[in-house]
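J.: A predicted structure for the sequence below; I have some questions about it.
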Amino acid sequence: MRLALSSLIDPTLWPLVDEAREFYARRRPGRGPANLDELLAARGAAAAPVECDPPPSVETVRAGGRDARVRIHRPEGRPAAGVLVEMHSGGFYLGSAAGSDVRNRHLVDACGVAVVSVDYRLAPEHPWPAAPDDCETAALWVVENAEARFGTTRLAASGFSAGSTLALTTLLRLRDRGIPAFDGAVLQCGTYDLSTRTPAGRLIADEFFLDAYAGGVADRTHPDLSPVFAELNGLPPLLMVIGADDILLDDNLAMAARLVAADVDVDLRVYPASPHAFTAHPTPMAAAALDSIAEWLRARLDATRLPSSGAQGRAT
């Protein structure tokens, strides 16, 4: 088999490269905190979340003997085509479900889904496994209540950066519980080796957020921390979105290869001239990626449009 990185890039994206490069040439790259003081300073300097209209409902849900805080966005004037459980970004130490309100409202309007965004606890005050516990709790609640609350049993998950790690961990936990309830998941620019043991993981070995999230765990190859080390069979179809200039590109390529080997249906899409978290930036490349994500979700949550079986184990 011959596989080039360019084969993972949609040819229609190449005309957008020059504008993307021009945007990033004017934009100073960011970096994560190097210690606890910088982490707390980053929190203090963070802008307040932008409000969306209509605003979501805010609830504390309970499942599996635990509680989790969520923000729920619903379609207006029509039933939900499905329910999307969303895990926000922020390196496990920053951000909130409220910070995803505008993006989640866009998905509600574009896909006709309800979105349940998890306001998981943050490190270092609440290190692993607090965040995945909260995400699992919210997902279990959705599984148990989707039909009664939203009128649908079509379920998907999504994550952005650290949220993708949590989304994948949540799917693995549900699989281990024998609950194959989710029809797919979108994983944007996730980090899957927090142990820094793999060549891909070593690229972020000096990032303080790893210590903040893992806390005092001796072995960070634990699959619940670093899902690249997990047994990956039995997962639903996954859309993986990553920028070609993202420091996590190799991590995503390694994860995609392991997923394919586990016979998981993987759609890996690489976007040229795009760094980490590029879909949060105002570029045509980001707009193209977001449109593609919405189309993929619509297809996964519409039972009449699902592809036939037999596409397992492909990176397309």
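T.: Done, it's in.

J.: which stretch of helix or strand covers the residue at minimal distance from the centre of the chain?
T.: By CA atoms, centre = their mean, the mean C-alpha position of the chain lies nearest to residue 159, the distance being 1.5 Å. Per DSSP states H and E: residue 159 is located in strand 155-160.

J.: contacts for that strand?
T.: Strand 155-160 has contacts (CB atoms under 8 Å, 6 or more residues apart in numbering) with 82-89, 100, 113, 139, 142-143, 146, 165-168, 170-171, 181-190, 277, 279-280, 297, 300-301. From N, CA and C alone the C-beta is placed, and that goes for glycine too.

J.: likewise stretch 23-43?
T.: For stretch 23-43, contacts defined as CB under 8 Å, 6+ apart pick out 91, 93-94, 124, 207-209, 212, 245, 273, 275, 281-283.

J.: low-scoring stretches of the protein, by residue?
T.: Flagging of the chain using pLDDT under 70 yields the residue ranges 1-2, 303-316.

J.: please, where are all the helices along the stretch 201-316 of the chain?
T.: With DSSP state H, counting those that start in this stretch, the ranges of helices along the stretch 201-316 of the chain come out as 208-214, 249-261, 284-301.

J.: to residue 52, which of the ones you listed lies closest?
T.: helix 284-301 (15.6 Å; CB to CB).

J.: alpha carbons only: can I get that closest one in CSV?
T.: This file holds the C-alpha atoms of helix 284-301, laid out as CSV (Å, rounded to 0.1, in the frame of the first residue of the first chain):
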residue,chain,number,x,y,z
PRO,A,284,-12.0,30.1,4.4
MET,A,285,-10.1,26.9,5.3
ALA,A,286,-11.8,26.8,8.6
ALA,A,287,-15.2,27.5,7.0
ALA,A,288,-14.6,24.6,4.6
ALA,A,289,-13.7,22.3,7.5
LEU,A,290,-16.8,23.3,9.5
ASP,A,291,-19.1,22.8,6.5
SER,A,292,-17.6,19.3,6.0
ILE,A,293,-18.1,18.4,9.7
ALA,A,294,-21.7,19.5,9.5
GLU,A,295,-22.3,17.4,6.4
TRP,A,296,-20.6,14.4,8.0
LEU,A,297,-22.8,14.7,11.1
ARG,A,298,-26.0,15.1,9.1
ALA,A,299,-25.1,11.9,7.2
ARG,A,300,-24.3,9.9,10.4
LEU,A,301,-27.5,11.0,12.2
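
J.: which among the contacts of strand 155-160 end up buried?
T.: By neighbour count, with 16 or more other CB atoms under 10 Å, the contacts of strand 155-160 hold 82-89, 100, 113, 139, 142-143, 146, 165-168, 170-171, 181-190, 277, 279, 297, 300-301 as buried.

J.: before we move on, the earlier item: pick out the most distant pair among the contacts of stretch 23-43.
T.: 124 and 273 (34.3 Å).

J.: between the two, who's got more neighbours?
T.: residue 273 (21 against 17; other CB atoms under 10 Å).

J.: which one is the more buried one nearest to, not counting chain neighbours?
T.: residue 20 (4.1 Å; CB to CB, 6 or more residues apart in numbering).

J.: next: residue 86.
T.: residue 117 (4.4 Å).

J.: tell me the contacts of the one you found?
T.: Applying CB under 8 Å, 6+ apart, we find residue 117 in contact with 56, 70-73, 86-88, 97, 100-101, 104.

J.: what's the closest of those to residue 129?
T.: For the contacts of residue 117, the closest approach to residue 129 (CB to CB) belongs to residue 87, at 14.1 Å.

J.: run through the bridge partners of the closest one.
T.: Counting by DSSP bridges, residue 87 is bridged to residue 118, residue 159.
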